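Visitor: Predicted coordinates and the sequence they were generated for:
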Amino acid sequence: MKSSHICFLILILFGCRSEDPDPTPIISELSGCRDIYAINTDIQALFSDYSCEYGEVFCEDCDYVLGHDQVILDNDQLNLPLGATVGIESGLRKSIIIRNFQGTAELPYIFTNCDGKSIVSDDVPAIKLHNNNHIRLTGTGSSDTYGINVIKGKPFGVVAELGTSNFEIDHLEITGITEVAISARTRPTCDGSTNRGTFEQKNSVIHHNYLHDVGGEGTYVGGSHWHSNFPPVDECLGLTLYEPELKGVKIYNNLVENVGKDGIQVGGAVEDCQIYNNIVVNYGLRNITVHQSGIQINPGTTGEVFSNVVQGGTGNG
């Protein structure tokens, strides 16, 4: 079994105004806009800050537009080309399921709001990402700081699962969720297709999101059982399952506020994990033992945790 080693470089704790959803960057002298899709990309910057500027996205310029009444986007049926941009029409809508988009590192599929802010509200998970590879869900399609706004969902705001890998989730505001704002974990299955050793969740990138007033965790990335077998599944009697491992986790520049459980949680990230420049305020509000940390590092995780603000919770920072 691999050892779990975490390098805590620097953890900054200080006061901040919890009502401010656009915090000042912490690593200012090394920061800039590193987003290649921004109009002011700074290739010299080591860390991304809040300086990125984006051009507005108009629905008429997108390769495909998801209308208010359409729930499912399945590329096995649509056959959109690599690198296509899918616009999510502005205004209030029900849940979204995005599945079977297999992009590449050079040509990922982009899902973004168009013609203004997109608002998602439903009694089920608001946005599901299923069996995708090399995709980006981004709220940078309008002048709003968070162009995709999830205002209601159960139990997840956004969930990346069922083999989704190499994904980026950014510039979303998520609130009013019964449990987790952003869940990014694939569970092992009886057929072995997503068990450890067969499937790896790679490059899980979550940044520049405002996650607040939710019943569970702000982010739940990877599993909690890396050090043991997965709890028995009724349909898989006689099989011992192990959660898949994660490689390449980056969680940065998120504001997490007023959450019932852990602010940021990562597990099973065995390689290249960085958690930095986040602000976590008022966490563990449900006061449930083992679910009340500002930043929770679960077994198997190795990497760096640095330059985060953690304040005002019921448990450990």
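Guide: Okay, I see it.

Visitor: can we go C-alpha only for contacts and neighbour counts from here?
Guide: OK.

Visitor: All the strands of the stretch 201-317 of the chain, residue numbers only.
Guide: 210-214, 219-221, 245-252, 255-259, 264-266, 269-276, 279-281, 295-297, 303-306, 309-311 (DSSP state E, counting those that start in this stretch).

Visitor: ugh, wrong one, I meant the stretch 51-200 of the chain
Guide: For the stretch 51-200 of the chain, the strands defined by DSSP E, counting those that start in this stretch cover 64-66, 72-74, 85-93, 96-99, 109-121, 127-130, 133-138, 148-152, 156-161, 165-170, 172-174, 180-184, 200-207.

Visitor: Low-confidence ranges, this protein, go.
Guide: Residue ranges of the chain with pLDDT under 70: 1-27.

Visitor: residue at max distance from the center of it?
Guide: Largest separation from the mean C-alpha position in the chain: G238, at 33.4 Å (CA atoms, centre = their mean).

Visitor: Using JSON lines, lay out the strands of the stretch 51-200 of the chain together with distance to V249.
Guide: JSON lines is the format used below for these (distance: least, CA to CA, whole Å):
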{"stretch": "strand 64-66", "distance to V249": "29"}
{"stretch": "strand 72-74", "distance to V249": "26"}
{"stretch": "strand 85-93", "distance to V249": "24"}
{"stretch": "strand 96-99", "distance to V249": "21"}
{"stretch": "strand 109-121", "distance to V249": "19"}
{"stretch": "strand 127-130", "distance to V249": "17"}
{"stretch": "strand 133-138", "distance to V249": "14"}
{"stretch": "strand 148-152", "distance to V249": "22"}
{"stretch": "strand 156-161", "distance to V249": "13"}
{"stretch": "strand 165-170", "distance to V249": "10"}
{"stretch": "strand 172-174", "distance to V249": "18"}
{"stretch": "strand 180-184", "distance to V249": "10"}
{"stretch": "strand 200-207", "distance to V249": "5"}
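
Visitor: who wins for proximity to S293 among the ones you listed?
Guide: strand 180-184 (14.3 Å; CA to CA).

Visitor: That closest one - contacts with which helices or strands?
Guide: strand 156-161, strand 210-214, strand 219-221 (3 or more CA pairs under 8 Å, 6 or more residues apart in numbering; DSSP states H and E).

Visitor: Direction included, what does the shortest one pair against?
Guide: Going back to what we said before, that points to strand 219-221. strand 180-184 (parallel), strand 264-266 (parallel) (DSSP bridges).

Visitor: could you give the angle of the first one to strand 165-170?
Guide: I take that to be strand 180-184. Counting by axes from the mean of the first three to the mean of the last three CA atoms, to 10 degrees, strand 180-184 points 150 degrees away from the direction of strand 165-170.

Visitor: I am finished for the moment; much appreciated.
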